[in-house]
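Q: give me coordinates for this.
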Amino acid sequence: MKTVKILSVGILVLVSTSCNRFLNEKSDSSLATPETLEDNQALLDRYNVLGANATSGEISSDDIYVTDADFISVPDESQKRLYTWQPDHVAQASGNDWENCFVKINIANTVLFNIKHYQIAGAGNVQGQALVLRAAYYLEAAQLWCLAYRHESAASQMGLPLRLDPDISIPSVRTSLKDTYAQILADLHAAVPLLPLQPLATSRPSKVTALGYLARTYLYMGDYENALKYGKQALAAYSQLMDYNTLNASASYPVKEMNAEVLLPTSMAYSPFLTSTKAKVNPSLYQSYHGNDLRRSIFFRIQPNGEVLFKGNYSGNSGRMTCLATDEIYLTVAESYAGIGDAPNAMQVLNQLLVKRWKAGTFVAFSAGTPAEALQIIRIERRKELLFRGLRWADLKRYNREGAGISLTKAVSGQTYVLPPNDLRYAIAIPEDIIEMTGMPQNER
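A: The predicted structure follows:
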């Protein structure tokens with residue numbers, strides 16, 4: 001690829017005429033100022049930057065626990081505070097989730113600016129990819145630093161600073177949660193007609209990817225009708241599932257990277273709380289898998305001391321994947337059917353997934369007498385299917401919004417920590433230096 005001029009981006013987003021920093025520290029990366037389609041595609045293909053997602057939600061969720069010894073061994077006090085749901089100082093000084101998120105958003109913004117500014121011809125596919133990625137990053141950010149979306153109050157709930165331009169001199173102001181989600185949806189809807197049905201490269205977003213994120217977004221909003229609409233469109237275009245009977249359960253990591261279900265490969269950034277040996281799974285969750293459910297042996301490794309570790313990463317190794325995949329979309333469609341009161345179709349879609357997860361010839365189709373019963377079954381299976389995929393924190397928030405009453409508890413060195421349903425700490429504290437530099441309001445406590 002031709003050499004391109006280098007623009008130092010660093011995502012030092014300035015928030016006032018006095019040039020206060022928006023993010024904590026200048027990024028080590030630099031971005032090109034490309035005037036060609038190929039160079040802008042190259043920016044979006046920087047998987048080492050764009051493919052690493054946040055860890056805060058997973059650390060905060062009930063997907064994992066760590067032993068007292070492992071907790072003590074974690075060197076970063078901010079992550080320990082995050083794990084125990086402290087109200088503030090839960091982000092490390094640099095390289096934190098907030099900074100990394102807005103670095104990625106700025107890359108997408110830069111590509112969208114370049115396409116328009118340089119009037120690059122034939123850029124529809126690249127433009128669509130940038131729109132999907134920006135929407136995905138903002139959707140992830142909303143699950144971390146905002147409370148659950150509520151239609152009746154979204155206009156007054158605090159959302160995110162919507163940075164849609166790479167111009168670093170534009171001040172940053174927190175918008176409403178309604179406006180935040182409106183921007184996410186606008187980006188995804190705009191991307192759908194621009195993208196090919198299947199990606200030209202496996203690491204790039206496609207039309208199916210955009211439809212899948214639309215389904216996820218509407219599900220998070222509690223809009224079951226639209227979640228169903230776009231989830232069904234995604235599955236109509238691509239519905240392939242792995243048959244777990246073909247996997248080698250005795251392998252160290254049975255699920256291969258870039259398997260048939262992965263629509264957009266993304267992974268979690270590193271955290272000592274999420275390593276393959278430190279992050280433990282509650283034994284009661286492991287015991288909830290039926291003996292003929294192949295996920296029991298494919299997902300878990302039992303230690304000699306009885307501790308349960310997770311090995312079902314869609315990365316094919318110890319890396320934790322946050323990929324959008326078809327199994328999630330099946331579960332979204334099933335839950336959305338139940339949400340609109342259609343229990344028979346809800347269970348039919350769920351069974352299409354589960355028959356691929358059970359030992360051949362042993363699966364008996366699940367049934368539900370009411371939509372409420374279907375919803376309960378589907379959410380149990382969603383938990384069991386999507387472990388370590390970075391989705392549980394968002395699910396807990398929306399379940400509690402609907403009255404699930406799920407309270408989380410963690411014990412560390414004899415002290416018990418509790419996170420009640422709908423607690424304000426479900427909106428994780430924004431890094432304090434960002435609040436100080438920008439003047440944006442901190443999340444309420």
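
Q: what about the strands in the stretch 1-150 of the chain?
A: Under the criterion DSSP state E, counting those that start in this stretch, the stretch 1-150 of the chain carries strands at the ranges 6-7, 31-32, 52-53.

Q: what's the answer for the stretch 301-445 of the chain, then?
A: For the stretch 301-445 of the chain, the strands defined by DSSP E, counting those that start in this stretch occupy 308-310, 324-325, 408-412, 415-419.

Q: looking at those, which is nearest to residue 240?
A: Closest of the strands of the stretch 301-445 of the chain to residue 240 is strand 324-325, at 10.1 Å (criterion: CB to CB). All C-beta atoms are positioned from the backbone trio N, CA, C, and that covers glycine.

Q: tell me which strands the closest one pairs with, and in which orientation.
A: Strand pairing for strand 324-325, using DSSP bridges, gives strand 262-264 (antiparallel).

Q: quick check: next helix or strand after the strand it pairs with?
A: Next helix or strand after strand 262-264 toward the C-terminus (DSSP states H and E): strand 267-268.

Q: and that following strand, what does it pack onto?
A: Under the contact criterion of 3 or more CB pairs under 8 Å, 6 or more residues apart in numbering; DSSP states H and E, strand 267-268 touches strand 52-53.

Q: average pLDDT across the strand it packs on?
A: What strand 52-53 shows for mean pLDDT is 91.

Q: what are the contacting residues of it?
A: Contact with strand 52-53 is made by 100, 140, 266-269, 322, 390, as judged by CB atoms under 8 Å, 6 or more residues apart in numbering.

Q: what does stretch 354-374 give?
A: By CB under 8 Å, 6+ apart, stretch 354-374 touches 241-245, 290, 292-295, 334, 337-343, 346-347, 350-351, 377, 381, 385.

Q: what distance separates the opening and closing residues of that stretch?
A: 14 Å (CA to CA, to the nearest Å).

Q: now do it, average pLDDT.
A: Stretch 354-374 carries an average pLDDT of 98.

Q: counting neighbours, which bits of that stretch end up buried?
A: 354-358, 363, 366, 368, 371, 373-374 (16 or more other CB atoms under 10 Å).

Q: for the protein, give me the ranges with low pLDDT.
A: Filtered on pLDDT under 70, the chain yields the residue ranges 1-33.

Q: go again using 80 as the cut-off
A: 1-33, 48, 168 (pLDDT under 80).

Q: so what's residue 313 up against?
A: Residue 313 neighbours (CB under 8 Å, 6+ apart): 253, 255, 319-321, 388.

Q: one step back: indicate which one of the strands of the stretch 301-445 of the chain is closest to residue 275.
A: Closest among those, once you apply CB to CB, is strand 308-310, at 9.8 Å.

Q: how far is the closest one from where the chain is centred?
A: Using CA atoms, centre = their mean, to the nearest Å, the distance from the centre of strand 308-310 to the centre of the chain it belongs to is 21 Å.

Q: tell me which residues are up against that strand.
A: Contacts for strand 308-310 (CB under 8 Å, 6+ apart): 276-277, 279-283, 285-286, 299-303, 387-388.

Q: just the buried subset of the residues you listed, please.
A: The neighbour count (16+ other CB under 10 Å) marks 276, 279-281, 286, 299-301, 387-388 as buried among the contacts of strand 308-310.

Q: so which of the residues you listed comes closest to residue 328?
A: residue 387 (11.9 Å).

Q: okay, that closest one and residue 202: tell me how far apart.
A: 23 Å (CB to CB, to the nearest Å).

Q: give me the phi and psi for residue 45.
A: Dihedral pair for residue 45: phi -90, psi 10, per degrees, to the nearest 10.

Q: separation between it and residue 419?
A: 39 Å.

Q: those two: which is more packed in?
A: residue 419 (20 against 13; other CB atoms under 10 Å).

Q: contacting residues around the more buried one?
A: So residue 419 contacts 85, 407-409, 425-426 (CB under 8 Å, 6+ apart).

Q: which of the residues you listed sit farthest apart?
A: Of all the pairs that the contacts of residue 419 form, the one spanning the most space (CB to CB) is 409 and 426, at 15.0 Å.

Q: and the two? Which one has more around it.
A: A direct count of neighbours by other CB under 10 Å for residue 409 and residue 426 places residue 426 higher, at 25 against 10.

Q: and the end-to-end length of stretch 240-251?
A: First-to-last distance for stretch 240-251 - CA to CA - comes to 23 Å.

Q: run through who's touching it.
A: By CB under 8 Å, 6+ apart, stretch 240-251 touches 254-255, 259-261, 294-295, 297-298, 326-327, 330, 352-353, 356-360.

Q: ok, of those residues, which come out buried?
A: Buried among these (16+ other CB under 10 Å): 254-255, 259, 261, 294-295, 297-298, 326-327, 330, 352-353, 356-358.

Q: show me which pair in the buried ones among the contacts of strand 308-310 is furthest apart.
A: 276 and 286 (15.7 Å).

Q: include distance to residue 401 when you put the buried residues of stretch 354-374 into JSON lines, please.
A: Formatted as JSON lines, those follow (distance: CB to CB, whole Å):
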{"residue": "354", "distance to residue 401": "26"}
{"residue": "355", "distance to residue 401": "31"}
{"residue": "356", "distance to residue 401": "31"}
{"residue": "357", "distance to residue 401": "28"}
{"residue": "358", "distance to residue 401": "32"}
{"residue": "363", "distance to residue 401": "32"}
{"residue": "366", "distance to residue 401": "25"}
{"residue": "368", "distance to residue 401": "22"}
{"residue": "371", "distance to residue 401": "18"}
{"residue": "373", "distance to residue 401": "20"}
{"residue": "374", "distance to residue 401": "19"}
